[in-house]
Every structure is written in C-alpha cells, then in structure tokens.
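Asks: Fold the stuff below for me.
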Amino acid sequence: MFVTVTSECIECGACEAICPQVFRMNSYGIAEAYSNPVPQDAEESTKVAAKSCPVAAIILE
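Replies: A predicted model of the protein is given here:
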C-alpha cells in the first residue's frame, strides 16, 4: 500500500497521532507520508488515519 497526503491538509495532526510510523508533520506544518510503501504492520492504522482525516486529504493506493 502507498499513501499520499494532498494539499488539502489542514495541519490538524490527527494522522500523525494515529499512525506515527507513517505520518509526520513537515517543517511547514503540513502532514506528509514518510514511509512508502506502508509497512505491513502499519497498514491498519494507516487506514484508520485516512478515515479520520477531517478533509479527506489522505489517499491510499
């Protein structure tokens, strides 16, 4: 699975709080996926983070 954070990110930090193995806030305060492909043991929490994003800025492939 691959994950992308779009420019719709509102910097809420929910994804990083839910799945820090895959998401982090960059120097601009925008979320980014730094672990691609997603490690198998983080796939479920990545899906939860995507569903929890208030603006649907996380794309799973």
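
Asks: all helices of this structure, in order?
Replies: 14-18, 43-52 (DSSP state H).

Asks: In contact with Cys9, which residues are there?
Replies: Remark: with contacts taken as C-beta atoms under 8 Å, 6 or more residues apart in numbering, Cys9 is in contact with Ile30, Ala31, Val55, Ala57. (C-beta placed from N, C-alpha, C; glycine too.)

Asks: And Ala49, by the same measure?
Replies: Ala49 neighbours (C-beta under 8 Å, 6+ apart): Ala14, Cys15, Ile18, Cys19, Val22, Phe23, Ile58.

Asks: Quick check, the second one in contact with Lys51.
Replies: No - with contact defined as C-beta atoms under 8 Å, Cys15 does not count as touching Lys51 (10.3 Å).

Asks: Redo the helices of the chain as a markdown table? Include mean pLDDT and distance to Glu8.
Replies: Listed next are the helices of the chain as a markdown table, based on pLDDT from 0 to 100; distance: least, C-beta to C-beta, whole Å:
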| stretch | mean pLDDT | distance to Glu8 |
| --- | --- | --- |
| helix 14-18 | 98 | 12 |
| helix 43-52 | 98 | 12 |
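
Asks: and of those helices, who's closest to Phe2?
Replies: Counting by C-beta to C-beta, Phe2 lies closest to helix 43-52 out of the helices of the chain; the figure is 10.0 Å.

Asks: centre of the chain versus that closest one, how much separation?
Replies: Offset of helix 43-52 from its chain centre (C-alpha atoms, centre = their mean, to the nearest Å): 8 Å.
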